[in-house]
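Enquirer: Need a 3D model of the sequence below.
(one chain, ligands or ions: 1)
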Amino acid sequence: MKITETPIPGLFVVEPRVFEDSRGYFYESYHKERYFQNQMGAEFIQDNESKSVRGVVRGLHYQLAPFAQSKLVRVVQGSVYDVAVDLRKGSPTFGEWFGLELNEAEKKQLFIPRGFAHGFSVLSETAVFSYKCDNVYNKDSERSININDPKLNIDWEIKTSEQIVSEKDQVAPFFDAAEMNFNF
Ligand SMILES: Cc1cn([C@H]2C[C@H](O)[C@@H](COP(=O)(O)OP(=O)(O)O[C@H]3O[C@@H](C)C(=O)[C@@H](O)[C@H]3O)O2)c(=O)[nH]c1=O
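Expert: Numbering: from 1, shown residues only. You can find the predicted model right below:
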């Protein structure tokens, strides 16, 4: 397993060791002790999976305190462009975002600590997205930031006119108007 810290402190890219043979492949998609030892300390308590078609953009999502979530995200099938935005007030990289392609071939994962907004766009015909969370879903605490915020200026690799976005996410506020209370 190779772990690389991104330019945003606390945000890590994980490249698992994949064993391939004539039957197919095997890899450990999570190993509590190893992830903890490498500064990815989170007690995961909920797993989620979604399937989306090409052009779907989900995000940018986060939950406020006391339901803030760390996430360990990966793609089981297909390919996405995945983005995390630093919302930690006082962080040297506050307001900055990091993006990378996650796909079924490379099996990279992104560890996203609490205090980040997260989203992804679907680049393949379909994509199955799987992630662990260290806090439960709480509808009243969930927030979105507009994926097309001109200040963030994220290139989702899908033209705006071709983006498929939920009604909730279409009316999400821009970064400057977003609530960011994580109780750090
Ligand atoms: C996220 C979530 C949603 N739901 C329900 C609420 C709703 O009726 C339905 C679909 O929810 P959404 O439209 O919010 O699903 P989605 O847009 O896929 O939301 C997800 O987006 C990505 C980018 C994230 O980072 C996740 O944390 C999560 O916010 O599923 C749960 O029951 N539990 C959950 O944990």
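Enquirer: Output the set of residues of this protein in proximity to the ligand.
Expert: Where the chain comes near the ligand, counting by CB under 6 Å from any ligand atom, the residues are Asn48, Ser50, Arg58, Gly59, His61, His118, Gly119, Phe120, Tyr137, Ser166. (C-beta placed from N, C-alpha, C; glycine too.)
Enquirer: Throw those residues into a markdown table and include pLDDT, thanks.
Expert: Compiled in a markdown table, those are given as follows (pLDDT from 0 to 100):
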| residue | pLDDT |
| --- | --- |
| Asn48 | 98 |
| Ser50 | 98 |
| Arg58 | 98 |
| Gly59 | 97 |
| His61 | 98 |
| His118 | 98 |
| Gly119 | 98 |
| Phe120 | 98 |
| Tyr137 | 98 |
| Ser166 | 98 |
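Enquirer: Would you mind listing which of those are buried?
Expert: Taking 16 or more other CB atoms under 10 Å as the criterion, what is buried in these is Arg58, Gly59, His61, His118, Gly119, Phe120.
Enquirer: Now do the residue nearest to Leu87 when sequence neighbours are not counted, the pLDDT please.
Expert: Nearest residue to Leu87 in three dimensions, chain neighbours excluded: Met180, at 4.7 Å (CB to CB, 6 or more residues apart in numbering). Looking at Met180, its pLDDT reads 96.
Enquirer: ditto for Asn183
Expert: With respect to pLDDT, Asn183 scores 83.
Enquirer: Please name the nearest non-neighbouring residue to it.
Expert: Asn183's closest residue in space is Ala65 (CB to CB, 6+ apart), at 3.7 Å.
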